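*Asks:* The sequence and its predicted three-dimensional model are supplied below.
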Amino acid sequence: RIVYLNGDFLPFAEARVPIMDRGFLFADGIYEVSAVLDGRLVDNEAHLARLDRSLGEIDIANPHTIPEWIGLQTELVARNGLTEGLVYMQVTRGVYERDFAYPPAGTAPTVMMFTQAKTVAANPLAETGARIITVPDLRWKRRDIKSVALLAQVLAKQQAAAAGVAEAWMVEDDAVTEGSSSTAFIVTKGGALVTRPLSTALLPGITRKAVLRLAEEAGLALEERLFSVSEALEAAEAFYTSASAFVMPVVAIDGHVIGEGHPGAHTRRLRELYLDMAR
Ligand code: PDD
């Protein structure tokens, strides 16, 4: 496997980062994940725009223009012969003697990318639907920034793994904020698509935005508002979205069956529309 590190394409084992990297010491960095389908990056410019925005929010100068990023990603995908999977991009504030405040201006950021081969389109879980659990949202207050500080999400995903399910939805003040690595949606019995409005409380999902656009074009009723776990349990359908899961049906929450216990019609339609768009 070939990875990218600070200007070089290297064999995985040769790509090394010093222990004083601020990503390692402080999780002082930003990341992005774009899907690759049929060898092409999916909705990638929106991911690169969010990367730029996240970097700006923590005062790291974007080391590359959007065309430069696309050039690097495309070369990495080609060098790895990747047809389906993910490209992971990370930028940290660089390497400097440990000190909480920023290092001197001019300290070079650490820029890293790798690919992961993964079945994102013909995912068998999308056929059966995923079971999920709910957990308290333990995160900080700037979840709109795609920070590499993911400890609360690691703990949430591990609780899901220990429960033998695919995802954990995080809950705060009786409302679902989002999944540990995805955006949460429900479909009401009246057929309306419900997802939480954007704020600093959640990540502005790129897949969320695409799905809302596709749903609107398909004439579905949209409601951007908070919803509780009890409302989700009573919903006709539920699903979550992300660059790696696309549109993933949810068939059980905390052991309660959702709808008929299999992927709902609206969810299946939105997954199809998303796959059509991605291709
Ligand atoms: N996670 N919410 C959180 C907390 C996320 O980590 C993610 C993505 C999403 C969905 O965003 P998008 O549709 O832009 O992928 C929402 C990525 C896939 C990850 O961490 O691997």
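*Replies:* Ah, there it is. Numbering: from 1, shown residues only.

*Asks:* show me where the stretch 151-279 of the chain has helices.
*Replies:* 151-162, 206-217, 229-233, 265-278 (DSSP state H, counting those that start in this stretch).

*Asks:* I'd like to know which elements the first one is packed against.
*Replies:* In terms of contact count using 3 or more Cβ pairs under 8 Å, 6 or more residues apart in numbering; DSSP states H and E, helix 151-162 is assigned the packing partners strand 130-136, strand 167-172. Every residue, glycine included, has its C-beta placed from N, CA and C.

*Asks:* buried ones in it?
*Replies:* Residues of helix 151-162 classed as buried: 152-153, 156-157, 160 (neighbour count, 16 or more other Cβ atoms under 10 Å).

*Asks:* still on that earlier bit, out of the helices of the stretch 151-279 of the chain, flag the one nearest the ligand.
*Replies:* Nearest to the ligand, of all the helices of the stretch 151-279 of the chain, is helix 206-217, at 3.2 Å by Cβ to the nearest ligand atom.

*Asks:* Does the ligand have contacts with the closest one?
*Replies:* Yes: Helix 206-217 is in contact with the ligand by Cβ under 6 Å from any ligand atom, via 206-208.

*Asks:* Reformat the helices of the stretch 151-279 of the chain as CSV; add mean pLDDT.
*Replies:* What follows is the helices of the stretch 151-279 of the chain, written out as CSV (pLDDT from 0 to 100):
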stretch, mean pLDDT
helix 151-162, 98
helix 206-217, 98
helix 229-233, 98
helix 265-278, 98
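
*Asks:* wait, which of the ones you listed is closest to F239?
*Replies:* For F239, the closest of the helices of the stretch 151-279 of the chain is helix 265-278, at 4.5 Å, according to Cβ to Cβ.

*Asks:* can you give me the angle the closest one makes with helix 206-217?
*Replies:* 110 degrees (axes from the mean of the first three to the mean of the last three Cα atoms, to 10 degrees).

*Asks:* So what touches helix 265-278?
*Replies:* 35, 37, 42-43, 121, 126, 187, 191, 193, 207, 210-211, 214-215, 218, 220, 236-239, 246-249, 263 (Cβ atoms under 8 Å, 6 or more residues apart in numbering).

*Asks:* before we move on, what about stretch 161-176?
*Replies:* 125, 130-139, 152, 156-157, 159-160, 177-182, 184, 196, 201, 226-229, 232, 240, 245, 248, 250, 252-253.

*Asks:* hmm, 6 Å instead?
*Replies:* With contact meaning Cβ atoms under 6 Å, 6 or more residues apart in numbering, stretch 161-176 is reached by 130-135, 137, 156, 159-160, 177, 179-180, 184, 226-229, 240.

*Asks:* Is the ligand within reach of it?
*Replies:* No: using Cβ under 6 Å from any ligand atom, stretch 161-176 stays clear of the ligand, coming no nearer than 8.1 Å.

*Asks:* returning to what we had before: neighbour count says what about the contacts of stretch 161-176? Which are buried?
*Replies:* Using 16+ other Cβ under 10 Å, the buried ones in the contacts of stretch 161-176 are 130-135, 137, 156, 160, 177, 179-180, 184, 226-227, 229, 240.

*Asks:* overlap between these and the residues near the ligand?
*Replies:* Within the buried ones among the contacts of stretch 161-176, nothing lies near the ligand by Cβ under 6 Å from any ligand atom.

*Asks:* Let me see the backbone angles for the closest residue to the ligand within the stretch 51-200 of the chain.
*Replies:* Closest to the ligand within the stretch 51-200 of the chain is S181: 3.9 Å, counting by Cβ to the nearest ligand atom. The phi/psi pair for S181 (degrees, to the nearest 10) reads phi -140, psi 40.
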